[in-house]
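Visitor: below are the sequence and a predicted model for it; my questions follow.
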2 protein chains.
Amino acid sequence: MRRDTFQDYVQRQREAVEVALGAWLPAAPACPPLLAEAMRYSLEAGGKRLRPILTLAAADAIVSAVGRVEGAATSSEQARALALPAACAIELIHTYSLIHDDLPAMDDDTLRRGRPTLHVVYGDGVAILAGDGLLTEAFALLAREPRSADAALGLRKLRVIERIATAAGALGMVGGQAVDLEAAGTTDIPGRTRPSLDASGLQAMHAMKTGALIRASAVAGAIMAGGTDAQVASIDRFGAEVGLVFQIVDDILDVEGAPEELGKTAGKDAADDKPTYPSLFGLEASRTLASDGVAKAGMALAEAGLSDNHLMDIARWVVGRRH
Amino acid sequence: MRRDTFQDYVQRQREAVEVALGAWLPAAPACPPLLAEAMRYSLEAGGKRLRPILTLAAADAIVSAVGRVEGAATSSEQARALALPAACAIELIHTYSLIHDDLPAMDDDTLRRGRPTLHVVYGDGVAILAGDGLLTEAFALLAREPRSADAALGLRKLRVIERIATAAGALGMVGGQAVDLEAAGTTDIPGRTRPSLDASGLQAMHAMKTGALIRASAVAGAIMAGGTDAQVASIDRFGAEVGLVFQIVDDILDVEGAPEELGKTAGKDAADDKPTYPSLFGLEASRTLASDGVAKAGMALAEAGLSDNHLMDIARWVVGRRH
């Protein structure tokens, strides 16, 4: 197997995801044009496509491993084709979460990826619906693709749907956002004390809000490619570390970043009085936490003989990113 | 088989759904308490539970039919147990849709089922998240339950997930709400003409907004119980008629109903200048359309020998309801 440079690899996977998203997302005239336009506005805003690339790289990693279960993918192409719908579904879910989080009733952000947020352009009602639509289409896509009457593959699809839905739902992303909202005081309800987050509360909140879906992104690829239980568990631990590192770096960038690089308003967390890694641990300790996470991610992969692939390149990308 | 009165039947299914919802919905402490409380506030507000009861009755109908496919349920109890997760998932989706539709950015309703709407009590941010949580948990539930390694049942679950997600998404409920919102002028965006709905536009909008999920409710029960393709198609046509009748009656009640019976503000559609069946066809013609729909629903069932069950009782319940 010729080994691409990592940048080539990322670029090719990103393009594959964007082409597939364009083909799989409901379009006019069956989809009301205004809704189709709003969903695409956010989906096509770019973004790193980190999560779907993680899904595809995890699928690839299973093929590169030594021991495989019966029925597992036998080539990188096949593995990625099996994982592509999950990769796209996760990007749909990630995009919906950004739309809803940006609403005035939540984080009230007006700038995202360098463009006005969806509700600024289309109004809150359409933004809520576009988010609802993207979330729902993610599950339609997961159930439908890859089209196959193969019953064993069907059971893998169900495992992936359950895992992604749990990661995205009340015990995962939605739950984490609820904790964040309450801690930021956005939900002040008469007669209720506003909770304050300590270090372990902050980590638990981020593990739900950001970590769970990043983790599920990696796991979904491994399951779809037919990984063994041990391989899936190892990629799950890897994903947990990457999710943690992602959030620490996010908080650091919010303190340090220039708005033109971030594509959103820097310093917003501090202005909102949100607890962050730098505010709780300081900048240096936060950076150390992040590099420790990358090291642990590598160990998790090594335990299952999954080191010869692009997963660690992704972990290093996450810790080194500037936006 | 002893035949219960229809009222007993409805009451028992409603209780089964409510017990299962309580058991299956994420709860504190794993789910953040504020979010758990908000999701339950709306879910426990009562409501008719029409959709889940339709799912269970459709599952029952497959058992009562003459020809069944291999692997189909052999008793009513078994059929309903197979269909119960889908019934509950659909009620979760219905409840989320009410929460989001009631938001100030959408229909701006402050009263629902006789109680203040969720956002009035918990604020818009928590209401958006509670809706997102309910929608996402619906898919976690559909993928997980009934727990089984049976591959054929797994393929039925995937069919149901795809059908429900499509009915609830951009081509169904979310799409219909987007059309409704645009026609009501809530989304007025500079430089865009507000579309007006004629009779066929109104029907298309309702078929998406309300009809698709009611239809999927019936179909999901038939698929989970192991119905033949012909039986599922017949129940699909039945569900389409019931969905249409439901909406016509809804519009009639909005003109006629007393608020204490409706549990919401009567005359709201007219005040919002929304097109309705009575405003387009008049009251009498609307009533005729509704009874025609019930007759067609009965014919759809008769074609597949599915008349000996509670489905037509449900159609008559829908046309005769006072709220």
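Guide: Done, it's in.

Visitor: quick one, phi/psi of A:L111?
Guide: Note on A:L111: backbone dihedrals following degrees, to the nearest 10 are phi -130, psi 130.

Visitor: and what of A:P52?
Guide: Comment: the main-chain dihedrals of A:P52 come out as phi -60, psi -30, following degrees, to the nearest 10.

Visitor: isn't it up against A:P85?
Guide: No. Under the criterion of C-beta atoms under 8 Å, A:P52 lies out of contact with A:P85, with a separation of 10.2 Å. Every C-beta, even on glycine, is put in place using the N, C-alpha and C of the backbone.

Visitor: who has more neighbours, those two?
Guide: A:P52 (29 against 24; other C-beta atoms under 10 Å in any protein chain shown).

Visitor: ok, and the closest non-adjacent residue to the more buried one?
Guide: Across the structure, with C-beta to C-beta, 6 or more residues apart in numbering or on different chains as the measure, the residue nearest A:P52 apart from its sequence neighbours is A:A87 (3.5 Å).

Visitor: what count of nearby residues applies to that neighbour?
Guide: A:A87 has 28 neighbours, counted by other C-beta under 10 Å.

Visitor: name the SS class of it, please.
Guide: Under the three-state scheme (DSSP: H, G, I helix; E, B strand; the rest coil), the conformation of A:A87 reads as helix.

Visitor: need the contact list for it.
Guide: A:17, A:20, A:51-53, A:55-56, A:217, A:220-221 (C-beta atoms under 8 Å, 6 or more residues apart in numbering or on different chains).

Visitor: do you have the helices of the stretch 1-150 of chain A handy? List them.
Guide: For the stretch 1-150 of chain A, helices defined by DSSP state H, counting those that start in this stretch occupy the ranges A:6-24, A:33-43, A:50-64, A:76-102, A:118-122, A:124-144.

Visitor: can you redo these as a markdown table with mean pLDDT?
Guide: Rendered in a markdown table, the data for these read as follows (pLDDT from 0 to 100):
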| stretch | mean pLDDT |
| --- | --- |
| helix A:6-24 | 97 |
| helix A:33-43 | 97 |
| helix A:50-64 | 96 |
| helix A:76-102 | 97 |
| helix A:118-122 | 96 |
| helix A:124-144 | 98 |
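
Visitor: could the ones you listed go into TSV alongside distance to B:T276?
Guide: TSV is the format used below for those (distance: least, C-beta to C-beta, whole Å):
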stretch	distance to B:T276
helix A:6-24	35
helix A:33-43	21
helix A:50-64	43
helix A:76-102	30
helix A:118-122	26
helix A:124-144	20
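
Visitor: ok, which of those helices comes nearest B:T193?
Guide: The closest of the helices of the stretch 1-150 of chain A to B:T193 is helix A:33-43. By C-beta to C-beta, the value is 11.4 Å.

Visitor: output the contacting helices and strands for that closest one.
Guide: Helix A:33-43 makes packing contacts with helix A:76-102, helix A:118-122, helix A:124-144, helix B:173-183 when contacts are defined by 3 or more C-beta pairs under 8 Å, 6 or more residues apart in numbering or on different chains; DSSP states H and E.
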